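Engineer: just the structure for this:
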Amino acid sequence: MRFLPDADQRAFAGSLHAMLTAADTPAVIRDWSDGDSRRGRALWRRVAEAGVFGLAVPEEQDGLGRHPVELTLAFVELGRHAVPGPLVETVAAAVLLAEVPLAKRFLPGLLAGTDLATLAAPAPLPLDTDPAPLPLDTDPAPVPLDTDPARVTPDADTAAVPLALDADAADLRLALAPDGLHLASPAGQVRRSLDPARRLTPLTPDGELLAPHPSFGLALTWARLATAAQALGVGLALLDRTVDHVRQRTQFGVPIGSFQAVKHRLADAATALEFARPLLFGAAMSLRPADVAAAKLKACEAAYTTARAALQLHGAIGYTAEYDLSLWLTKARALRTAWGTPEECRELFLQDALTGRAGA
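Structural biologist: Predicted coordinates for the structure are as follows:
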């Protein structure tokens, strides 16, 4: 089965691509990584004005209606341009808040792009498992190598608390606790992720209880779908950049792209990405948790495979943080485990498949 966007969907994706191309996202990402969110927030408002976050909110809550296919197209472009910020977390928050009585209090800011939201959940549902195992700066308390990377203990007297993405820049911080969805506050220092543009902060659910029984399962499905789409976009960008590079770099007087071994690496990457695409859009159409888990697994693994090929084919320059390729390389690795590790997604899909077979 082929999943092809219609003319309106292609125009929507094309307009986002043009806007993000003109935005010089590498410079925005570097500012964001340094804690300067001004240009990132300006770009965020433009993304919101394009209707991206409204695609996850029902019309009765002033959204555009829930359109997972269009949201998927949008997040492919956001990943292609490596746009920083808690994009997926804002979608998850919008889905959660649309189901609670206080929706009118929070959703207008999210839909307008004036507010950024982030979200943290306790184990066994960590939302981001990619903190750097070794410090990238002089942080005196790196996460030990034998510690669950989805958790961080600020000090010996404080219980482990979950991490949230970009909580230092977010206007709305949410945390899921056993008794429901709470407003939250930071509970420790910002930690650097494997992706420098992903700043991780421990949150504690010490604020107002917003909903005792939030629809987290639905929010998790939407978040995984958006993460998968983002990963596919990252992989496509890495492939395009690497193809351009091997056409220009020469060895023995010829472009290295003419070497059979290089062609095979790029063909494997392109095949992995193209196989992930129909799974992703099929999951967007069904919104079944198992389908979405399979799409996330495939898209994130395809992006990671492409990242490894891109790093090898770029050679030593690919290892340098100053080279823009690194902005996509690190994001591919971070997205692989955000909102569900490969093992978790694989287990969900296999359980669903075995249940369906047993019921047949």
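
Engineer: could I get the average pLDDT for the lengthiest helix in the chain?
Structural biologist: Longest helix in the chain, counting residues (DSSP state H): helix 216-248. What helix 216-248 shows for mean pLDDT is 97.

Engineer: with stretch 262-282 instead?
Structural biologist: Regarding stretch 262-282, the rounded mean pLDDT is 97.

Engineer: ok, residues contacting that stretch?
Structural biologist: For stretch 262-282, contacts defined as CB atoms under 8 Å, 6 or more residues apart in numbering pick out 1-3, 69, 72, 225, 228-229, 232, 235-236, 238-239, 242-243, 246, 256-257, 291, 294-295, 298-299, 301-303, 305-306, 309-310, 312-313. Where C-beta positions appear, they are placed from N, C-alpha and C, glycine not excepted.

Engineer: just the buried residues out of the residues you listed, in PyMOL syntax.
Structural biologist: Those of the contacts of stretch 262-282 that count as buried under 16 or more other CB atoms under 10 Å are selected in PyMOL with:
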select buried, resi 69+72+225+228+229+232+235+236+238+239+242+243+246+256+257+291+294+295+298+299+301+302+303+305+306+309+310+313
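
Engineer: show me where the stretch 251-360 of the chain has helices.
Structural biologist: With helices called from DSSP state H, counting those that start in this stretch, the stretch 251-360 of the chain shows them at 260-286, 289-314, 325-337, 342-359.

Engineer: lowest mean pLDDT across those, which one is that?
Structural biologist: helix 342-359 (a mean of 87).

Engineer: helices or strands next to that helix in the packing?
Structural biologist: If you count contacts as 3 or more CB pairs under 8 Å, 6 or more residues apart in numbering; DSSP states H and E, helix 342-359 packs onto helix 289-314.

Engineer: and the helix it packs on with helix 216-248, angle?
Structural biologist: 20 degrees (axes from the mean of the first three to the mean of the last three CA atoms, to 10 degrees).

Engineer: which other helices and strands does helix 289-314 contact?
Structural biologist: When contacts are defined as 3+ CB pairs under 8 Å, 6+ apart, helix 289-314 sits against helix 216-248, helix 260-286, helix 325-337, helix 342-359.

Engineer: the last one vs helix 289-314, what angle?
Structural biologist: Okay, so that is helix 342-359. Using the same axes, to 10 degrees: helix 342-359 against helix 289-314 is 140 degrees.

Engineer: residues touching helix 342-359, excluding its own?
Structural biologist: Contacts of helix 342-359 (CB under 8 Å, 6+ apart): 224, 288-290, 293-294, 296-297, 300-301, 336, 340.

Engineer: which pair of those spans the longest distance?
Structural biologist: Checked with CB to CB, the contacts of helix 342-359 reach their widest spread between Arg288 and Arg336, with 21.7 Å between them.

Engineer: the strands in the stretch 51-200 of the chain, which residues?
Structural biologist: Counting by DSSP state E, counting those that start in this stretch, one finds strands in the stretch 51-200 of the chain at the ranges 117-120, 151-152, 161-165, 172-177, 180-183, 185-186, 191-192, 199-204.

Engineer: least reliable of the ones you listed by average pLDDT, please.
Structural biologist: strand 151-152 (a mean of 35).

Engineer: verify the stated contact: Arg45 with Gly113.
Structural biologist: Yes. In this structure Arg45 lies within contact range of Gly113 using CB atoms under 8 Å: 3.8 Å.

Engineer: so for the two, which sits in the more crowded spot?
Structural biologist: Ranked by neighbour count (other CB atoms under 10 Å), Arg45 and Gly113 place Gly113 first, with 20 against 13.

Engineer: phi, psi of the more buried one?
Structural biologist: Dihedral pair for Gly113: phi 80, psi 10, per degrees, to the nearest 10.

Engineer: could you pull up the residues touching it?
Structural biologist: The contact partners of Gly113, taken as CB under 8 Å, 6+ apart, are 44-49, 53.

Engineer: the closest residue in space to it that isn't next to it in sequence: neighbouring residues, count only.
Structural biologist: In this structure, Gly113 finds its nearest non-sequential neighbour in Ala48, 2.7 Å apart by CB to CB, 6 or more residues apart in numbering. Ala48 has 20 neighbours, counted by other CB under 10 Å.
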